[in-house]
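Chemist: Based on what follows, work out the 3D shape:
(4 chains)
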Number of protein chains: 2
Amino acid sequence: MTLRETHERLLDIAIAEFGAKGLEGASTRSIAAAAGTAMSSITYHYGGKEGLYLAAAQHIAERMAEEMGAAAIDAGDVASADPAQARVLLHRIIGAFVDRMTSDKSEAWTLFIIREQNRPTEAFDRIYGGLMGQMMEQLAALILRVTGMADEHRARAVTGTLIGQALVLRASRAACLRLMRRETMDAELAATFRAQIAQNTDAILDMLTAQAKEPA
Amino acid sequence: MTLRETHERLLDIAIAEFGAKGLEGASTRSIAAAAGTAMSSITYHYGGKEGLYLAAAQHIAERMAEEMGAAAIDAGDVASADPAQARVLLHRIIGAFVDRMTSDKSEAWTLFIIREQNRPTEAFDRIYGGLMGQMMEQLAALILRVTGMADEHRARAVTGTLIGQALVLRASRAACLRLMRRETMDAELAATFRAQIAQNTDAILDMLTAQAKEPA
DNA sequence: GTCTATACTACGATAGAC
DNA sequence: GTCTATCGTAGTATAGAC
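Modeler: Numbers count the residues shown, from 1 in each chain, chains lettered A, B, ... in the order given. The predicted structure follows:
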């Protein structure tokens, strides 16, 4: 195993452990053991538990940029898109996010991030400062483009609610599964939710578009 | 302090601690200290750490029933409601849930529950088996009533997405606040989200109603 | 750079005083 | 029923061998 692979493994395990038990709850001993290295190497490379925690946050931000970068859009494209094009771009971002929330791989990341959302530390800055913040800003800009509405503050509120439709699939997964009378989030169920969220999104965008034209 | 008050305090603190650090991460010592009692009393009354954890889940279910019981609706009312009445009832449930998600008090509960959603234990059964499951079932039934649609499975999927719009305000609060360029979830911001979610909900219900009529 | 050995603190559980 | 005392285990950090 190369040095780089060891560090990747260490960070992946750290994300899972910190996500499940929090900064205080997780143990560097078990993280190191699971990664097949000595605990003291964490002290050496990351300066201790907190350093590893921040490195884990950084790792999430970087991997998020790699994996969802394809759905991210040039700022220039957003600014120059007509309403129909903007709607396509918006659906692409939302769709990619739904895929992430229904994927099994998202569990560790999401727990880590949700914990930081409720009690943000420096780690949240590293995550939000990456792709997450950019994508939310882009969504808000796209909503303005699609609907022709002028109220930017409201477009941002809508952005939050759109994201929530997908987030619930991860943050409240067990309740969603019971509601759907399923045991697991299989591909079929994920497709059901993805289609429904796309439909809901269009309904909301149409409503906002109609409202924006009304006073004119 | 009465015995009952001590136990209430102990459970409230336990919920916060378990929510923040998980079952393994939390410490009975600090929970007992914060509640002003000896650690061994947890062993005596709850049989140990796990017993306290389950009692905390039970406590959440009971308090949830007390606080949101006013928004819960008689099953008979749901079954006999016409579309307009059903829409009013649906907005009442969603509105109460938004209020809960924007409230500061919801933080401890929500963290506890979200953790259980990702790795459900017996504790999740106690919570979902209470008001949470009932309310989700009622929402699904109301959606069928409002829209006249026949596909129950789809109505359940819509239920999940509707809940997500509000859940995001708690599960992803820090990101929502940054997106809205605010520091705290004050009453004004909460009202903004509540109004927007109500509007989105109507847009989705209208879209589903139109679709249900289309093939006829 | 990575490991072992060790110092020190905190954990959960239990036994026994009151 | 509530407390103190104590046991065994596991935590982080550090020093030093290699």
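
Chemist: what comes up buried for stretch A:187-199?
Modeler: A:Leu189, A:Ala190, A:Thr192, A:Phe193, A:Arg194, A:Gln196, A:Ile197, A:Gln199 (16 or more other CB atoms under 10 Å in any protein chain shown). For every residue, glycine as well, the C-beta is placed using N, CA and C.

Chemist: so can I have TSV of those showing secondary structure and pLDDT?
Modeler: What follows is the buried residues of stretch A:187-199, written out as TSV (DSSP: H, G, I helix; E, B strand; the rest coil; pLDDT from 0 to 100):
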residue	secondary structure	pLDDT
A:Leu189	helix	98
A:Ala190	helix	98
A:Thr192	helix	98
A:Phe193	helix	98
A:Arg194	helix	98
A:Gln196	helix	98
A:Ile197	helix	99
A:Gln199	helix	98
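
Chemist: The nearest residue to A:Phe97 once chain neighbours are set aside: helix or strand, and which one exactly?
Modeler: Closest residue to A:Phe97 apart from its sequence neighbours, by CB to CB, 6 or more residues apart in numbering or on different chains: A:Ala166 at 5.0 Å. Here A:Ala166 sits within helix A:152-171, counting by DSSP states H and E.

Chemist: Heading C-terminal from that helix, find the next helix or strand.
Modeler: helix A:173-179.

Chemist: That following helix vs chain B: in contact?
Modeler: Yes: counting by CB under 8 Å from any CB of the partner chain, chain B is contacted by helix A:173-179 at A:Arg173, A:Ala174, A:Ala175, A:Cys176, A:Arg178, A:Leu179.

Chemist: who does that helix touch, helix- and strand-wise?
Modeler: helix B:106-118, helix B:133-147, helix B:152-171 (3 or more CB pairs under 8 Å, 6 or more residues apart in numbering or on different chains; DSSP states H and E).

Chemist: Now with 10 Å, please.
Modeler: Helix A:173-179 sits against helix A:83-102, helix A:106-118, helix A:152-171, helix A:187-213, helix B:106-118, helix B:122-127, helix B:133-147, helix B:152-171, with contacts defined as 3 or more CB pairs under 10 Å, 6 or more residues apart in numbering or on different chains; DSSP states H and E.

Chemist: Please give the centre-to-centre distance between it and its chain.
Modeler: Using CA atoms, centre = their mean, to the nearest Å, the distance from the centre of helix A:173-179 to the centre of the chain it belongs to is 19 Å.

Chemist: Surely A:Phe112 and A:Leu54 touch.
Modeler: No: the criterion here is CB atoms under 10 Å, and A:Phe112 misses it with A:Leu54 at 11.8 Å.

Chemist: neighbour count winner among these two?
Modeler: Just comparing A:Phe112 and A:Leu54: by other CB atoms under 10 Å in any protein chain shown the higher neighbour count belongs to A:Phe112, 26 against 17.

Chemist: tell me which helix or strand of chain A sits lowest on mean pLDDT?
Modeler: When the helices and strands of chain A are scored by mean pLDDT, DSSP states H and E, helix A:75-80 comes last with a mean of 81.

Chemist: what pLDDT, on average, does the strand or helix carrying A:Ala14 get?
Modeler: In this assignment (DSSP H and E), A:Ala14 forms part of helix A:3-25. Across helix A:3-25, pLDDT averages out at 90.

Chemist: That one vs DNA strand C: in contact?
Modeler: Yes: using CB under 7 Å from any atom of the strand, helix A:3-25 reaches DNA strand C at A:Leu3, A:Thr6.

Chemist: Okay, angle between that helix and helix B:3-25 too, please.
Modeler: Per axes from the mean of the first three to the mean of the last three CA atoms, to 10 degrees, the angle that helix A:3-25 makes with helix B:3-25 is 170 degrees.

Chemist: helix or strand right after helix A:3-25?
Modeler: Using DSSP H and E, the helix or strand that follows helix A:3-25 in sequence is helix A:28-35.

Chemist: what about that following helix, near DNA strand C?
Modeler: No: shown here: helix A:28-35 not in contact with DNA strand C (CB under 7 Å from any atom of the strand), separated by at least 7.6 Å.

Chemist: Sketch out the low-pLDDT regions of chain A for me.
Modeler: Counting by pLDDT under 70, the ranges of chain A that qualify are A:1, A:216.

Chemist: quick check: domain ranges of it?
Modeler: As recorded under automatic domain parsing, the domains making up chain A are A:1-68, A:72-216.

Chemist: buried sites along stretch A:22-40?
Modeler: Going by neighbour count (16+ other CB under 10 Å), the buried part of stretch A:22-40 is A:Gly22, A:Leu23, A:Gly25, A:Ala26, A:Thr28, A:Ile31, A:Ala32, A:Ala35, A:Thr37.

Chemist: Can you narrow those down to the ones near DNA strand D?
Modeler: A:Ala26, A:Thr28.

Chemist: so who does whatever residue of chain A ends up closest to chain B touch?
Modeler: Closest approach between chain A and chain B, counting by CB to the nearest CB: A:Gly25, at 1.8 Å. Contacts for A:Gly25 (CB atoms under 10 Å, 6 or more residues apart in numbering or on different chains) come out as A:Glu17, A:Phe18, B:Ala20, B:Lys21, B:Gly22, B:Leu23, B:Glu24, B:Gly25, B:Ala26, B:Ser27.
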